[in-house]
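>>> please find the sequence and the predicted model below.
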Amino acid sequence: LNNNKDWKFFKQAFNNADKDFLDKIKKAHPDLTPNDLRFCAYLRLNLTSKEIAPLLNISTKSVETKRYRLRKRLDLDHDDSLVNYILKF
């Protein structure tokens, strides 16, 4: 899923399975980047950091850093679960 063509195909298939998730989260948080949205989609699929790392070509530690930064961008409290927040959409 590294190139745009693969991402467009994934996004279309994902939206068919999970109606309008990406649109809803983008409407709630318009400052999210395309990479943030991709990461949210992987979290929505309930993938672990170890499963996400090869999809993004980064280390597991970098995935944890992305999670932390996304939590800050979404303005979540320390006690709130990022995955549970994503699953509510």
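Looks like it came in fine.

>>> which one in this protein is furthest away from the centre?
The centre of the chain is farthest from one residue, residue 79, which by CA atoms, centre = their mean lies 19.1 Å away.

>>> please identify which helix or strand holds the most centrally placed residue in the chain.
With distances taken as CA atoms, centre = their mean, residue 40 lies nearest the centre of the chain, 1.3 Å away. Per DSSP states H and E, residue 40 falls inside helix 34-44.

>>> also residue 76?
Going by DSSP H and E, residue 76 is not in any helix or strand.

>>> ok, it to residue 23 distance?
Using CB to CB, to the nearest Å, one gets 20 Å for the distance from residue 76 to residue 23. (Glycine included, C-beta is placed from N, CA and C.)

>>> check contacts around residue 29.
Contact analysis of residue 29 by CB atoms under 8 Å, 6 or more residues apart in numbering lists 73-74.

>>> run the last query once more with 10 Å
By CB atoms under 10 Å, 6 or more residues apart in numbering, the residues touching residue 29 are 36-37, 40, 70, 73-75.

>>> and residue 87, what does it touch?
Counting by CB under 10 Å, 6+ apart, residue 87 has contacts 21, 43-44, 46, 81.

>>> residue ranges with poor pLDDT in this structure?
1-5, 7, 9-17, 19 (pLDDT under 70).

>>> which residue is the nearest non-sequential neighbour of residue 28?
Using CB to CB, 6 or more residues apart in numbering and skipping the chain neighbours, the partner closest in space to residue 28 is residue 89 (7.4 Å).
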